Structures are given as structure tokens and as C-alpha cells.
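1. heads up, no residue letters with this:
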Ligand SMILES: Nc1ncnc2c1ncn2[C@@H]1O[C@H](COP(=O)(O)OP(=O)(O)OP(=O)(O)O)[C@@H](O)[C@H]1O
Ligand SMILES: [Mg+2]
């Protein structure tokens, strides 16, 4: 089933002195249960592309459609909260919350019961290979690989259909990068999430040829 479609999408950044056409007439479609890599050199528009997919903005022309509904016709706060999970290069965890509390956040925002949220978040963390002894650790007490596991668990607990990872392994060593890519790809195939991965041409090609 197609979950997201880009139909002739263009986007430009307008400043006082300059107009940058970041995307021109992009067409693409993405299906449930699949992983995709968005590949291109620096400045080619990858972050712009996933920002539109995540509903952070809408196209200047064309349409981004989530389940056939253009994002500019949706309540985009609701779309981001309920349908999209984001994973970032620098993890973007809430630094004053524990690993477990970070993962519970989307569920609390969705007004789930706190006991159920606690159980779901613990299950997700274990599934992602975070040891139980780290559940009450603040992000600053965790390694980069552990933090990214927490960030992925958080992106997945809210039952988002679309997982968007912007350079998810950019700050990790090779061993952790490979482990994280394995996790993302296996999750994309075994859950109902559509999983996206993003890279620049600078990084090792191997992990991405499996998408
Ligand atoms: N806020 C902004 N204001 C003006 N121009 C911008 C802005 N953000 C991005 N751009 C321009 O839009 C183009 C696409 O940028 P984008 O960040 O999408 O590229 P990218 O492929 O993600 O690059 P990288 O691999 O370096 O992260 C670039 O030319 C960039 O300079
Ligand atoms: Mg980018």
C-alpha cells in the first residue's frame, strides 16, 4: 500500500537577496513496510525533502500526499504527532528526561494511560537492545549508540506509520552505525512502519544498498 507520494513537488527558500530552488518537480512514492534511502550530495535538497514528508512545511507547488490526502489540507500538528516519527543525527533527546521517559513522551502526548505507556516504552527499549539498567539514565549518561537506540524507540512507540531518519548514524562509529542500520532495516520489514533512511554521498555505501 502506498503511504506517501510526492507529486511534482517544488520548494524554494526565499531570502532578501536570494532564491534557492531546493526541490524541482520531484515525483516519488513510498509503500508501507519498505525502507528507502534518499541519496544525494550536500545541498541537493535531502533535508528539505524529508522536512516536507514530515509535514514541517508544505510545497510551493505540487503535492505531498499522506494516504492520498495532501499535507496542506491536513492538520499538520496532528499529522506530525500521530503519524510521523523522526530520528536525527544528533539524537535530539530531551536531556532532562530519563531514557524511559523520553520513549514514553509520544504516548503521553497521545493521551495514553501512563501505566500502559510505561510498559510499551520498556518493551520497545528492550527490543532495541537497551539494557534495563539504563532505563533510568539521563541521555548524557549514555553512549552515542545507546542514545540513538532510545531515539529510535521513541520514534517507534507512538505507532507512527512513517519513520524518517535524517543521517541516523552520522554521529556513530562504524560498529554502532552498522548495528543501528540493521535495526532500522529489520524494523521496516517486520512492522507496519514505512522506514526511511537518509545519507549523503560522503558515507559508506554498504549499509544503504540493502534498502
Ligand atoms: N533555511 C534556509 N534558507 C535558505 N536556503 C536554505 C535553507 N535551508 C536550506 N537551504 C538551501 O537549500 C538547498 C538544499 O538544502 P538541504 O538542507 O535540503 O540539502 P541537503 O541535501 O540536506 O544537504 P546536506 O547533505 O549538507 O545536509 C541548499 O542549497 C541550501 O543552501
Ligand atoms: Mg541535510
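-> Thanks, I have it. All figures in this text were calculated on a predicted structure; none of them were measured in a lab. Ligands and ions are numbered 1, 2, ... in the order given.

2. got any ranges where the protein has weak pLDDT?
-> 191-211 (pLDDT under 70).

3. go with 90
-> 1-2, 31-42, 81-82, 85-86, 88-90, 109-111, 127-128, 156-163, 165-211 (pLDDT under 90).

4. strands of that one, residue ranges please.
-> For the chain, applying DSSP state E gives strands covering 2-14, 19-31, 35-40, 61-66, 69-70, 84-88, 162-166, 194-200.

5. biggest helix in the chain by residues?
-> If each helix of the chain is counted by residues according to DSSP state H, the longest one is helix 174-190.

6. report all helices and strands that that one contacts.
-> Of the remaining helices and strands, those touching helix 174-190 by 3 or more CB pairs under 8 Å, 6 or more residues apart in numbering; DSSP states H and E are strand 35-40, helix 144-157, strand 162-166, strand 194-200. (Glycine included, C-beta is placed from N, CA and C.)

7. list of residues touching stretch 45-54?
-> Identification of contacts with stretch 45-54 by CB atoms under 8 Å, 6 or more residues apart in numbering yields 4, 6, 9, 11, 22-23, 26, 38-40, 57-59, 64, 71, 80, 84, 86, 162, 164, 166, 196, 198, 200.

8. quick one: that stretch near ligand 1?
-> Yes: applying CB under 6 Å from any ligand atom, one finds stretch 45-54 touching ligand 1 at 45-48.

9. before we move on, back to that, filter the contacts of stretch 45-54 down to the buried ones and hand me the ChimeraX line.
-> Only the buried entries of those go into this ChimeraX selection, using 16 or more other CB atoms under 10 Å:
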select :4,6,9,11,22,23,26,38,39,58,59,64,71,80,84,86,162,164,166,196,198,200
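
10. which bits of this structure sit near ligand 1?
-> So far as CB under 6 Å from any ligand atom goes, the chain lies against ligand 1 at 13, 15, 20, 22, 40, 42-48, 200.

11. which two among the residues you listed are spaced furthest apart?
-> 15 and 200 (23.4 Å; CB to CB).

12. how much space between the closest residue to residue 48 other than its chain neighbours and residue 46?
-> Leaving aside its sequence neighbours, residue 48 sits nearest to residue 22 (CB to CB, 6 or more residues apart in numbering; 4.2 Å). Residue 22 sits at a distance of 10 Å from residue 46 (criterion: CB to CB, to the nearest Å).

13. what's the neighbour count on the spatially closest residue to residue 134 that is not a sequence neighbour?
-> Spatial nearest neighbour of residue 134, excluding adjacent residues (CB to CB, 6+ apart): residue 99 at 5.7 Å. Residue 99 has 26 neighbours, counted by other CB atoms under 10 Å.

14. just checking, residue 99 touches residue 151?
-> No: with contact defined as CB atoms under 8 Å, residue 99 does not count as touching residue 151 (9.8 Å).

15. could I get the residues of stretch 45-54 next to ligand 1 as a markdown table with neighbour count and distance to residue 143?
-> Output for those, formatted as a markdown table (neighbours: other CB atoms under 10 Å; distance: CB to CB, whole Å):
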| residue | neighbour count | distance to residue 143 |
| --- | --- | --- |
| 45 | 18 | 32 |
| 46 | 21 | 27 |
| 47 | 16 | 26 |
| 48 | 21 | 31 |
